[in-house]
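# below: sequence and its predicted model.
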Amino acid sequence: MSESSPTTSTTSDASIRAEGLVKQFKDGPRAVDGIDLEVAPGEIYGFLGPNGAGKSTTVLMLTTLLPITDGRASVGGFDVATQGSHVRATIGAALQEAALDPNLTAVEHMRLQTALQGIAKADRKRLGDDLIERVGLSDAADRKAGTYSGGMRRRLDLALSLVHRPRILFLDEPTTGLDPQSRTALWEEVARLAREDGTTIFLTTQYLEEADQLADRVGIIDGGKIVAEGTPAALKSEIGLPAVEILPADPGDHERVIDVLRANCSYDESQQTGNGTVSGRLREGTGLTEIVRALDAAGLKVANLAVHAPTLDDVFLAKTGRKLEGAGDDEEQDEHDHDGHHH
Amino acid sequence: MSQPRRFTETALILAWRNLHNFYTSPALIIPALLFPLFFFTAFAGGLSNVENVPGFDFPNGYTAFQFGFVLMQSAAFGGVFTGFGIARDFESGFSRRIMLATPHRTAMLAGYAISSFVRAVVVGAMLFAIALAVGMDYSGGVLDTVGLVALALGVNMLALLFASGVAFRFRTIQAGPLMQTPVFMVLFLTPVYVPQALLHGWIESVAAVNPLTFVIESGRSFIAGVPEELLLAFGFGAVAALVLAIWSLTGLRKAEQAGG
């Protein structure tokens, strides 16, 4: 297919824009179902959702690795469907599984990637060494990637995605499977990229904490649709005041505890997790003290009582009726099967 | 950087990577070298008395007769093994790195082809040296040798185009038998052990219509220094290359459609 020239690129202020984006797999599910989103230059956009929600499929479409079924999208001002090579020249991407060759060292990976990206020969070695140092792999630069830990592989993958100084970076679940230390190191590097280099970052994650800490704005996706979008603070404020969670000491008191919560909180049957703990969101003017007094007055003993501020998980629960953690596990294989591994 | 130069650089760096892996991985290089040697030793050594059978008319003896086949076979299998590498790259996700980084995705195929050619040349040269060392009677001149090498590289390319088409479509190493079996069958349905005139029954009929028979016979004629059936051999090669190039490139498009 011939591509439009860069001079005819879509003019757009947004780094990434999708309108009615759809991916329908042949004889399969509609993995992405009419997504609209816009990511501003220099912004970190967190795309949060459970396994199988459509996150990776969206990334594959936006990075030109998967054709769009319907709708349109532009990345860096270039149309994803008709200006694929210009899009690819603009972006960097570290996809879900670090695509490394186990037989190549970090230095050899850099040699390959800089050549693939068309970097001038004179600059390749210095650029490669700089990036290896930047992600803290200098000591392992001459070791084959097959001997690397998961964190090292992710860091090398990130470094490789940066060789051509992309304006826009796609990171698909970059910290999945990493230990907390590696995860924190990667977060710092991602934040630095946005802060110091002005890189636009589209980050998919299933970790609430990651989206909360890193993202300027979050889009929550479930079943191929965006169910909520905004800054983490704005999304959480939509939920309201903190929630109180009570586990009765005697399981037989379950209904009576619900009565106390109904009298003092916003109680919603559909928001209960079904594990014996009863929860309700505090009302304006009602504090924990009132709840404790009410329980005491009713002669109820509790095994556990906790108050927690709204989280993105609460947002997900409010929008989908399910908790994010653990949601979508049944769909995981489904999305993987449709992320380019049709056998 | 100009587009053709970028295409060439992409193909060359991918060829470097494939060859680097080939020559530094014992699991890849040892079978690739031993396989043709085994066939050559087994056929040329174990069946050497075939040259005494009435009707065996190849002038340079049985070792040279077998060399003609094993050279083509090793070239073909070199192409198939490169197809395995393509499938492995798709299975591991490495191909996505290539597809994302390069503006010319057909350069991927060019890169694999270059590495396949180099592998075929190295294995063929080793085979040639060993065959000469064990006393192969080689009557071909420089032009005959060029023709023989061109024929072997052509077979390598045909096998690569076929195997890459399969690899692009299935994108898993589990498709290995689908790449290897048809090539194996087409190769062995030619006059492998004896000249065509000595074949009998169904194998004679099949070999007579198998276009690869012309290629094998042509290769042997180069070894004997009296080139024959060149038009049929190279004509078949050109037509097959066109058909298989379409097969491979449409496979690449399917791989792109599937997300790499």
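Right, received. Where do you want to start?

# which stretches of the stretch 151-260 of chain B have low pLDDT?
B:260 (pLDDT under 70).

# what about whichever residue of it sits closest to chain A, distance to B:Asp144?
Nearest residue of the stretch 151-260 of chain B to chain A: B:Gly259, at 3.0 Å (Cβ to the nearest Cβ). Every C-beta, even on glycine, is put in place using the N, C-alpha and C of the backbone. As defined by Cβ to Cβ, to the nearest Å, B:Gly259 lies at a distance of 48 Å from B:Asp144.

# picking up where we left off before, which SS state does the residue of the stretch 151-260 of chain B closest to chain A fall under?
What DSSP: H, G, I helix; E, B strand; the rest coil gives for B:Gly259 is coil.

# how many residues are close by it?
Neighbourhood size, B:Gly259 [other Cβ atoms under 10 Å in any protein chain shown]: 24.

# go on, A:Leu60?
Each residue near A:Leu60 was counted by other Cβ under 10 Å, and the total is 27.

# how about A:Thr289?
When neighbours are defined as other Cβ under 10 Å, A:Thr289 has 8 of them.

# please report the distance of it from A:Asp296.
A:Thr289 sits 10 Å away from A:Asp296, going by Cβ to Cβ.

# got it, and A:Ser85?
Remark: distance between A:Ser85 and A:Asp296 (Cβ to Cβ) = 69 Å.

# who has more neighbours, those two?
A:Ser85 (16 against 12).

# next, the more buried one: secondary structure please.
Per three-state DSSP, A:Ser85 ends up helix.

# low-confidence stretches in the stretch 151-300 of chain A?
Residue ranges of the stretch 151-300 of chain A with pLDDT under 70: A:269-274.

# quick check: the residue of it nearest chain B.
Chain B sits closest to A:Leu160 of the stretch 151-300 of chain A, with a gap of 7.3 Å, by Cβ to the nearest Cβ.

# what residues does the host helix or strand of that residue touch?
Element membership of A:Leu160, judged by DSSP states H and E, is helix A:150-161. Applying Cβ atoms under 8 Å, 6 or more residues apart in numbering or on different chains, the contact partners of helix A:150-161 are A:92-94, A:98-100, A:106, A:109-110, A:113, A:131-132, A:134-137, A:140, A:145, A:148, A:169, A:171, A:174-175, A:177-179, A:181-182, A:185-186, A:189, B:97.

# just those: which are in helices?
If you go by DSSP state H, those have A:106, A:109-110, A:113, A:131-132, A:134, A:181-182, A:185-186, A:189, B:97 in helices.

# could you flag which of those are buried?
When the ones in helices among the contacts of helix A:150-161 are checked for burial by 16 or more other Cβ atoms under 10 Å in any protein chain shown, the buried set is A:106, A:109-110, A:113, A:131-132, A:182, A:185-186, A:189, B:97.

# dump these to JSON lines, plus distance to A:Ile220.
Output for those, formatted as JSON lines (distance: Cβ to Cβ, whole Å):
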{"residue": "A:Ala106", "distance to A:Ile220": "35"}
{"residue": "A:His109", "distance to A:Ile220": "34"}
{"residue": "A:Met110", "distance to A:Ile220": "36"}
{"residue": "A:Gln113", "distance to A:Ile220": "33"}
{"residue": "A:Leu131", "distance to A:Ile220": "33"}
{"residue": "A:Ile132", "distance to A:Ile220": "35"}
{"residue": "A:Ser182", "distance to A:Ile220": "25"}
{"residue": "A:Ala185", "distance to A:Ile220": "26"}
{"residue": "A:Leu186", "distance to A:Ile220": "22"}
{"residue": "A:Glu189", "distance to A:Ile220": "24"}
{"residue": "B:Arg97", "distance to A:Ile220": "29"}
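
# of the residues you listed, which is the nearest to A:Gly285?
A:Gly285 lies nearest to A:Leu186 out of those, by Cβ to Cβ, at 42.7 Å.

# show the contacting residues for that closest one.
A:151, A:154-155, A:158, A:174-175, A:178.

# dump these to TSV, plus neighbour count.
Converted to TSV, the contacts of A:Leu186 look like this (neighbours: other Cβ atoms under 10 Å in any protein chain shown):
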residue	neighbour count
A:Gly151	18
A:Arg154	27
A:Arg155	28
A:Leu158	22
A:Pro174	28
A:Thr175	25
A:Leu178	18
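
# who are the neighbours in contact with A:Thr199?
By Cβ under 8 Å, 6+ apart, the contact set of A:Thr199 is A:42, A:166-169, A:193.

# and the two most separated of these?
A:Gly42 and A:Pro166 (12.9 Å).

# of these two, who's got more company?
Using other Cβ under 10 Å, the more surrounded residue of A:Gly42 and A:Pro166 is A:Pro166, with 21 against 16.

# for the residue lying closest to that one once chain neighbours are set aside, list each beta-bridge partner.
The shortest distance from A:Pro166 to any non-neighbouring residue, by Cβ to Cβ, 6 or more residues apart in numbering or on different chains, is to A:Gly92 (3.6 Å). In this entry, A:Gly92 is beta-bridged to A:Leu169, by DSSP bridges.

# okay, now A:Gly92: neighbour count?
So A:Gly92, with other Cβ under 10 Å, has 26 neighbours.

# what's the answer for A:Glu255, then?
With other Cβ under 10 Å as criterion, A:Glu255 counts 9.
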